[in-house]
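K.L.:
take this sequence and fold it.
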Amino acid sequence: MSEKEIVFCKSGGCTAKLGAGVLEHILERLPKGKKDENLLVGYDSKDDAAVYRLNEHQAVVQTLDFFPPMVEDPYIFGKIAATNALSDIYAMGGEVKTALNIVCFPESMDLNILGKILQGGAEKVQEAGGSLAGGHSIADSDVKYGLSVTGVVDPEKIWENNGAKPGDCLILTKRLGVGILCAANRVNQAPKGAMEQVIASMTTLNRKASEIGRKYPVHACTDVTGFGFLGHLHEMMDGRHSCKIYADRLPVFDGAESCAEEFLLTAAGQKNRNHLEQYVWFENVSFGMEEVLYDPQTSGGLLFAVPGEVAEELRGELREAGLPAEIVGKVMAREDIEIQVAGRK
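P.N.:
Numbering: from 1, shown residues only. All right, here's what the predicted structure looks like:
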């Protein structure tokens with residue numbers, strides 16, 4: 001088989017995730033068993049990774065992520081999938097230590113394709129400062145790849161996704177619009193140069209953003225992936241707070257909003273809208289920008305909630321590091337509307 005036969009799966013990258021509503025329905029019914037006081041973060045918190053305390057000064061961070069390809073080049077796909085999986089460690093404020101490959105691959109397909117996928121993944125693990133320690137593979141009808149990653153974090157310095165406080169500023173470190181532009185690319189409608197920008201973003205580790213963030217009093221952090229900006233923001237508010245988002249401050253890929261206006265969308269984006277629209281109020285926001293905010297991201301940026309007095313300094317340091325970081329909103333006390341998105345008047 002040629003390499004291009006792995007390209008356009010029905011839903012590649014984080015667009016392949018099950019919808020948030022489906023997951024909530026299932027997870028809330030799982031037996032939780034006896035509470036372990038050393039399990040500091042588990043699946044019931046909707047956080048990015050699990051955290052288990054080993055001792056007073058050290059905890060293990062565990063995560064797992066894999067998905068079908070969304071780009072033509074298997075080597076690039078491997079890099080994207082690994083970058084995405086590694087991101088959950090950084091979103092908890094941790095450091096990457098080891099990773100295991102997760103592979104689904106058709107036995108009839110050229111094994112050189114698999115080799116390129118694994119090469120791309122291995123290089124990103126190495127860049128993250130971790131060690132690739134093994135993995136598991138199964139024969140499947142479609143290609144899927146990702147990592148199980150283990151990291152470490154100080155139990156007193158964990159970044160949970162629901163610790164935001166009223167008065168905090170929200171800072172986003174990567175551009176939005178990945179899912180929309182990948183969808184446009186599938187039908188050869190992506191603007192010239194757009195995919196190069198998207199791929200560069202998807203293969204950029206959140207390591208630098210996380211390291212810079214550790215210098216500041218981060219109240220909450222999450223990485224923006226399959227549930228879109230609004231989905232992960234909704235989890236950050238945790239039913240306890242509200243927030244205001246300034247649409248004109250959001251970093252967005254060139255062409256993403258115009259592609260959305262042409263209905264070059266993903267099914268996952270529509271699942272996100274259906275699940276979240278009861279929590280969101282838009283004012284002077286275009287349809288295209290609404291879709292960008294619901295759009296599932298693959299290997300998206302970190303979303304920080306930090307005290308207002310340090311927000312500009314953190315943004316500046318992130319920008320100096322070459323990241324398109326922006327202060328995109330603020331956290332408020334709980335109101336009737338959880339997420340208010342204000343556009344241009």
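K.L.:
please, which helix or strand holds residue 66?
P.N.:
Assigning secondary structure by DSSP states H and E places residue 66 in strand 58-67.
K.L.:
pull the residues that contact that strand.
P.N.:
With CB atoms under 8 Å, 6 or more residues apart in numbering as the contact definition, strand 58-67 has outside contacts at 12-14, 16-17, 40, 48-54, 81, 84-85, 88-89, 92, 94, 102, 104, 144-155, 158, 298. C-betas here are computed from N, CA, C, even on glycine.
K.L.:
buried ones among these?
P.N.:
12-14, 16-17, 40, 48-51, 53, 81, 84-85, 88-89, 92, 94, 102, 104, 144-151, 153, 155, 158, 298 (16 or more other CB atoms under 10 Å).
K.L.:
in strands, which of those appear?
P.N.:
Within these, residues falling in strands by DSSP state E are 40, 50-51, 53, 102, 104, 144-151, 153.
K.L.:
which residues of the stretch 151-300 of the chain fall in helices?
P.N.:
Using DSSP state H, counting those that start in this stretch, the helices of the stretch 151-300 of the chain run over residues 178-186, 194-202, 207-213, 228-237, 256-261, 267-276, 287-294.
K.L.:
right, so of those, which gets closest to residue 219?
P.N.:
When the helices of the stretch 151-300 of the chain are compared for distance to residue 219 using CB to CB, the nearest one is helix 228-237, at 9.8 Å.
K.L.:
helix 287-294 and the closest one, what's the angle between them?
P.N.:
50 degrees (axes from the mean of the first three to the mean of the last three CA atoms, to 10 degrees).
K.L.:
which parts of helix 228-237 are buried?
P.N.:
Within helix 228-237, the residues that count as buried by 16+ other CB under 10 Å are 228-237.
K.L.:
so for it, mean pLDDT?
P.N.:
Helix 228-237 carries an average pLDDT of 96.
K.L.:
ok, now stretch 292-304?
P.N.:
Stretch 292-304 comes out at a mean pLDDT of 97.
K.L.:
which strands border the strand holding residue 66, and is each parallel or antiparallel?
P.N.:
Strand 58-67 has the following strand partners under DSSP bridges: strand 50-55 (antiparallel), strand 144-153 (antiparallel).
K.L.:
burial of residue 55, as a residue count?
P.N.:
When neighbours are defined as other CB atoms under 10 Å, residue 55 has 8 of them.
K.L.:
any idea what it is bridged to?
P.N.:
Note on residue 55: beta-bridge partners residue 58, judged by DSSP bridges.
K.L.:
between the helices of the stretch 151-300 of the chain, which one is closest to residue 305.
P.N.:
Of all the helices of the stretch 151-300 of the chain, helix 228-237 sits nearest to residue 305, with 6.5 Å by CB to CB.
K.L.:
mind checking how far that closest one is from the chain centre?
P.N.:
11 Å (CA atoms, centre = their mean, to the nearest Å).
K.L.:
now the angle from that helix to helix 267-276?
P.N.:
40 degrees.
K.L.:
by how many degrees do helix 228-237 and helix 178-186 diverge?
P.N.:
160 degrees.
K.L.:
dump the C-alpha coordinates for helix 228-237 into CSV.
P.N.:
What follows is helix 228-237, C-alpha atoms only, in CSV (Å, rounded to 0.1, in the frame of the first residue of the first chain):
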residue,chain,number,x,y,z
GLY,A,228,-12.3,22.3,21.9
PHE,A,229,-11.5,25.5,23.6
LEU,A,230,-15.0,25.9,25.1
GLY,A,231,-15.2,22.3,26.2
HIS,A,232,-11.9,22.4,28.2
LEU,A,233,-12.9,25.9,29.5
HIS,A,234,-16.2,24.4,30.7
GLU,A,235,-14.3,21.8,32.7
MET,A,236,-12.0,24.5,34.1
MET,A,237,-15.0,26.4,35.4
